[in-house]
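**Student:** quick one, what's the 3D model for this:
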Amino acid sequence: MARFHVYRLKQGKTLVVDLQADLFDALRTRIVAPLIPASEFGHAMSRLNPPVTIGGEAHVIATHLMAAVSVSEIGDVVTDLSNHRNAIVAATDFAFQGF
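**Tutor:** Here you go, the predicted structure:
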């Protein structure tokens, strides 16, 4: 598993981005945030919910919905969002610290 990579959960069509530091790869869980199609999200706070495009479709990273998920529930890699690293880290910082 790799930080900032997007995976499809094995059950359903949910996409999640891996937020957890690679240092903790030995754990059996990963901290992830779901990606929600922008058309279904409503009003997004860009600092908390960075916009990204996956497969030509606009999505929002729902950082406020992050959770730990068992590695066994995580399916195939969809894409790499490492180029959005700064926005994703800023969103998690904002979620925990408010700035």
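**Student:** where along the chain do the helices fall?
**Tutor:** Remark: helices assigned in the chain by DSSP state H are 38-41, 85-97.
**Student:** just those helices: most buried one?
**Tutor:** Between the helices of the chain, helix 85-97 has the highest mean count of neighbours, a mean of 15, where neighbours are mean count of other C-beta atoms under 10 Å. To be clear about C-beta, it is placed using only N, CA and C from the backbone, and glycine gets the same treatment.
**Student:** what packs against it?
**Tutor:** Judged by 3 or more C-beta pairs under 8 Å, 6 or more residues apart in numbering; DSSP states H and E, helix 85-97 is in contact with no other helix or strand.
**Student:** quick check: Asp93 vs Gly56, distance?
**Tutor:** Counting by C-beta to C-beta, to the nearest Å, the separation of Asp93 from Gly56 is 29 Å.
**Student:** C-alpha coordinates for the helix or strand of the chain with the lowest mean pLDDT, CSV please?
**Tutor:** Counting by mean pLDDT, DSSP states H and E, the chain has its least confident helix or strand at helix 38-41, which shows a mean of 95. Once non-C-alpha atoms are left out, helix 38-41 reads as follows in CSV (Å, rounded to 0.1, in the frame of the first residue of the first chain):
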residue,chain,number,x,y,z
ALA,A,38,-18.1,16.4,-6.9
SER,A,39,-21.6,16.2,-8.5
GLU,A,40,-22.8,14.3,-5.4
PHE,A,41,-20.9,16.3,-2.8
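**Student:** which other helices and strands contact that helix?
**Tutor:** Helix 38-41 is packed against strand 57-61, with contacts defined by 3+ C-beta pairs under 8 Å, 6+ apart.
**Student:** which residues does the closest residue to Val77 other than its chain neighbours bridge with?
**Tutor:** By the measure of C-beta to C-beta, 6 or more residues apart in numbering, the closest residue to Val77 outside its immediate chain neighbours is His5, 5.2 Å from it. Per DSSP bridges, the residues bridged to His5 are Asp80.
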